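Undergrad: sequence first, then the predicted structure, then my questions.
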Amino acid sequence: MFLLAYFVRVGWIFSTDFPFAPFAWSSAVATMAWSAILALAKVYRLPPRTGARRYFDVLMIMTGGVVAVGVLIVLFFFQRELVFSRLLGLYALVFGITALLISQKIFRLSLARSKRHGQGYRTLIIGANRVSERFVQQVQQDRYAPFQIRGVIDPYGLVKNFAGAKLLGKMDQLEAVTAAEKIDAIVQCDAFEHTLSLLSFCEEKDIKFQFLPSLRGVFEDNLRLREIAGIRVGSFVQRDFSGIKRTKFKLIDLLLRQVFDVD
């Protein structure tokens, strides 16, 4: 898009007054800077952010573009006595942001299409409770989450009906269910005492293993992973707010978390 901006402003020629090769080299460095910012901000994450959180990705795309154009100006324009066009940087910024937003939309449509056609991790849920019901509902409603819920195992055999997925038996049927449904991923929502056994089983069968924080009795909205002296720890953050106070808290919390990585 930076190179397209060159030809749009200069014309469809390789100008001698405004040499193409140095501009292309500077554009390559600026592009790497833009991509690095997006990577650090986890804009390339899979599945992508959904709901209101997706606008954070759009903000980072724009922020990265501003930084990239700044890099371009420093590398190219500051080294030249004559500036051909001050609008060139603006063109590059607009073209780059537009291209990224369009490619993001295409990628999301591709993910949604893949999920509609049954592609993604064939997932088995361990635990039949309100937490697992909510998880199943959220995954099925999300257009991009690459998980296909194949069923639920009730470790204790107490639940008769489960909203959103079919019950496939108890823990003693895990191996048979996994083979029959060709399971690629297991998400544990209950039966904490079986965690080590499930981990060993998943390692043996090369199955992706995940668990919800609520498995340890901590609500996932209040759980953060932190590092203390190089050791990973779980941090519980109190968020019992509502109304305007909750909105203010979320804004301050976002700033502290994103910039300073503190609670």
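TA: It's in. Residues are numbered from 1 along each chain as shown.

Undergrad: now the helix or strand where residue 65 lies: buried residues?
TA: When elements are assigned from DSSP states H and E, residue 65 belongs to helix 54-75. Under the neighbour-count criterion of 16 or more other Cβ atoms under 10 Å, helix 54-75 has 57, 60, 61, 64, 65, 68, 69, 71, 72, 73, 75 buried. From N, CA and C alone the C-beta is placed, and that goes for glycine too.

Undergrad: could you dump these to TSV with distance to residue 17 and pLDDT?
TA: Output for the buried residues of helix 54-75, formatted as TSV (distance: Cβ to Cβ, whole Å; pLDDT from 0 to 100):
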residue	distance to residue 17	pLDDT
57	39	90
60	36	93
61	32	94
64	30	94
65	26	94
68	24	94
69	21	92
71	23	91
72	18	88
73	18	86
75	18	84
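
Undergrad: nearest to residue 41, of these?
TA: Top of the list for closeness to residue 41, among the buried residues of helix 54-75 and by Cβ to Cβ, is residue 60 at 4.2 Å.

Undergrad: so that closest one sits against residue 37, correct?
TA: Yes: taking Cβ atoms under 8 Å as the definition, residue 60 is a contact partner of residue 37 at 6.8 Å.

Undergrad: for residue 111, give its distance to residue 35.
TA: Relative to residue 35, residue 111 is positioned 20 Å away (Cβ to Cβ, to the nearest Å).

Undergrad: what of residue 108?
TA: Between residue 108 and residue 35 the distance is 19 Å, computed by Cβ to Cβ.

Undergrad: before we move on, what about residue 161?
TA: Distance of residue 161 to residue 35, computed by Cβ to Cβ: 48 Å.

Undergrad: all set now, cheers.
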